[in-house]
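Undergrad: Provide a 3D model corresponding to the input given below.
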Amino acid sequence: MTEQRTARRNEITQGVIWKQLLIFFFPILLGTFFQQLYNTADASIVGKGVGKAALAAVGGTTGSLINLLVGFFIGLASGATVVISQHYGAEDADKLSRSIHTAAAIALVFGLGLTGLGLLLTDWMLGLMSVPPEVLPYAVTYMRIIFAGMLPSIIYNVGTGVLRALGDSRRPLYYLIAACLTNIALDLLFVLALRMGVAGAAWATVLSQTLSAALVIRSLCRRGDASRLIPRRIKADPRQLRRIVEIGLPAGLQSVMYSISNVIIQKAVNGFDTDVLAGWTAYGKLDGVYWMIVNAFGISVTTFVGQNFGAGLMGRVKKSVRVCMAMTMGTTVVLAALLYAFGGDFYRIFTDDPAVIREGVRILRLLVPFYITYIPIEILSGALRGAGDTLVPTLLTLVCICLLRVVWILFFAPAYNSIDAVLWSYPVTWMLTGALFILYYRRKKWSHT
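TA: Coordinates of the predicted model:
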């Protein structure tokens, strides 16, 4: 590095690409699996221990709203991941240190701000969502507790982004496993043993996230090089902050756009009966299995592109994108086939209600055949983000995901008044947006073979 060179060989910029992608990918995949297990444990234990109204509350409605607010801040902080990975790849110790401490300052400010914002807006947001009366009390309780404990969640997400930017995807996995097991144990204690209902599930999530945040902070503070986090040095460096915002703000807005469209779709789903709503909530947990896989590939390619782009290794940048696309496609085909064939069996994890299972399977079989059309969006946007290009991908998402889905839900779906008409908004927008991402990526000079 400029002041202090790394002693170890950087495998991301020097190793065999497909091997290093897999080595980096699997800890992220397992980590996102355990992250999904957080929510699945809440849904399963609450659904069977409290009832389907509580299941609907801890899933679709609250999940969409929480992701709307959290997603923006996590997207904004993702700019730090890109900046840190580029400085690490370029071996610039001074900029690396300043960018890490700026990321820590962002986590503290945003975590506290999101807590206050979430608590202030909970009732108003749920009112806008037209939550069914039997679900509303559970949803209010769950959201208030989750927002009250938002700071550890933000610290963990930003901290793991820093570690992954440095090429370390294993420690975040270990910390998340510990937190997930803690979450499940506390779910069983609070919900089933102490009969705390959805409040127990929410507190289990907050306390387990606090554990994972503490472990991430400990890891960053114990690093021995320029990437070490020193608490007294936590402050926002103006230049690093500006670069992080330039990259992260479009990513944050993109996340918000996805969430807004999902909130609108969730509101449309809320107009159907509780069986459909609970089936949609349970589908969301199964659907999360795929998204954790494709998201892990997206995170992997962002880090690979970021470090190699920073090092000026454009050949490795292009090859990592091609390899990652191929691996994601193969995985998608296998998983989609499993979900389509055995969806009914998977639904019994969450509920034994035949009507809920029937609605859930119908939803699943409509959507999973189209998963493959989403791959270019995730992988190419991840690659472009790693290269610092986020503005045009954000505009593509604005038009093709957010605006088109809003138009679909407001003008097309009401004419048919069916859950299928609402859900077709997903594959239609995936296909169009994916095609446009391919065209845009191919126009980048550095992407040409």
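Undergrad: quick one: the helices in the stretch 101-250 of the chain, in order.
TA: 136-148, 150-165, 170-187, 197-221, 238-270 (DSSP state H, counting those that start in this stretch).
Undergrad: buried set for the helix or strand following the last one?
TA: Yep, that's helix 238-270 we're talking about. As assigned by DSSP states H and E, the chain's next helix or strand after helix 238-270 is helix 274-310. Going by neighbour count (16 or more other CB atoms under 10 Å), the buried part of helix 274-310 is 274-310. In short, each C-beta sits where N, CA and C put it, glycine included.
Undergrad: any low-confidence regions in the stretch 301-449 of the chain?
TA: Scanning the stretch 301-449 of the chain for pLDDT under 70 picks out the ranges 445-449.
Undergrad: now the helices for it?
TA: Under the criterion DSSP H, counting those that start in this stretch, helices of the stretch 301-449 of the chain are mapped to 314-347, 354-367, 375-386, 391-397, 404-407, 419-423, 425-443.
Undergrad: rebuild the ones you listed as TSV, extending it with distance to V83 and mean neighbour count.
TA: Below are the helices of the stretch 301-449 of the chain laid out as TSV (distance: least, CB to CB, whole Å; neighbours: other CB atoms under 10 Å):
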stretch	distance to V83	mean neighbour count
helix 314-347	17	17
helix 354-367	35	19
helix 375-386	11	26
helix 391-397	16	20
helix 404-407	31	17
helix 419-423	38	19
helix 425-443	21	18
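Undergrad: export these to CSV and tack on distance to R239?
TA: Below are these laid out as CSV (distance: least, CB to CB, whole Å):
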stretch, distance to R239
helix 314-347, 24
helix 354-367, 44
helix 375-386, 20
helix 391-397, 19
helix 404-407, 37
helix 419-423, 45
helix 425-443, 28
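Undergrad: closest to S219 out of the ones you listed?
TA: helix 375-386 (22.8 Å; CB to CB).
Undergrad: put the alpha carbons of the closest one into PDB.
TA: Provided in PDB are the C-alpha atoms of helix 375-386 (Å, rounded to 0.1, in the frame of the first residue of the first chain):
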ATOM      1  CA  ILE A 375     -30.200 -12.700 -13.000                       C
ATOM      2  CA  PRO A 376     -28.800  -9.900 -15.300                       C
ATOM      3  CA  ILE A 377     -30.300  -7.300 -13.000                       C
ATOM      4  CA  GLU A 378     -28.500  -8.600  -9.900                       C
ATOM      5  CA  ILE A 379     -25.200  -9.600 -11.400                       C
ATOM      6  CA  LEU A 380     -24.700  -6.800 -13.800                       C
ATOM      7  CA  SER A 381     -25.800  -4.100 -11.400                       C
ATOM      8  CA  GLY A 382     -23.400  -5.600  -8.800                       C
ATOM      9  CA  ALA A 383     -20.600  -5.500 -11.400                       C
ATOM     10  CA  LEU A 384     -21.400  -1.900 -12.400                       C
ATOM     11  CA  ARG A 385     -21.600  -0.900  -8.700                       C
ATOM     12  CA  GLY A 386     -18.100  -2.400  -8.100                       C
END
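Undergrad: nearest to A435, out of the helices of the stretch 101-250 of the chain?
TA: With CB to CB as the yardstick, what comes closest out of the helices of the stretch 101-250 of the chain is helix 238-270 (17.5 Å).
Undergrad: report the distance from the closest one to the chain centre.
TA: 11 Å (CA atoms, centre = their mean, to the nearest Å).
Undergrad: please apply the same query to stretch 275-293.
TA: Using CA atoms, centre = their mean, the offset of stretch 275-293 from its chain centre is 14 Å.
Undergrad: got it, and stretch 197-205?
TA: 21 Å.
Undergrad: kindly report the same for stretch 369-380.
TA: Chain-centre distance of stretch 369-380: 15 Å, with CA atoms, centre = their mean.
Undergrad: who's in contact with it?
TA: Contacts to stretch 369-380, defined as CB atoms under 8 Å, 6 or more residues apart in numbering, come from residues 290, 294-295, 297-298, 301, 321, 324-325, 328-329, 332-333, 335-336, 340, 393, 426-427, 430-431, 433-435, 437-438, 440-441.
Undergrad: mind running it again at 6 Å?
TA: For stretch 369-380, the surrounding residues in contact (CB atoms under 6 Å, 6 or more residues apart in numbering) are 290, 294, 298, 301, 324-325, 328-329, 332, 336, 427, 430-431, 433-434, 437-438, 441.
Undergrad: do the same with stretch 286-304
TA: Contacts for stretch 286-304 (CB under 6 Å, 6+ apart): 12, 21, 24-25, 28-29, 32-33, 36, 85, 164, 320, 324, 328, 331, 335, 346, 371, 378-379, 382-383, 385-386.
Undergrad: could you do stretch 52-68 as well?
TA: 42-43, 46-47, 125, 129, 131, 134-135, 138-139, 142-143, 198, 201, 259, 262-263, 266, 277-278, 280-281, 284.
Undergrad: among the residues you listed, name the buried ones.
TA: 42-43, 46-47, 125, 129, 131, 135, 138-139, 142-143, 198, 201, 259, 262-263, 266, 277-278, 280-281, 284.
Undergrad: any idea how far Q254 lies from S212?
TA: Applying CB to CB, to the nearest Å, the value for Q254 to S212 is 25 Å.
Undergrad: show me what the helix or strand harbouring P27 is packed against.
TA: Secondary-structure assignment from DSSP H and E places P27 in helix 17-49. For helix 17-49, the packing partners by 3 or more CB pairs under 6 Å, 6 or more residues apart in numbering; DSSP states H and E come out as helix 52-56, helix 170-187, helix 197-221, helix 274-310, helix 314-347.
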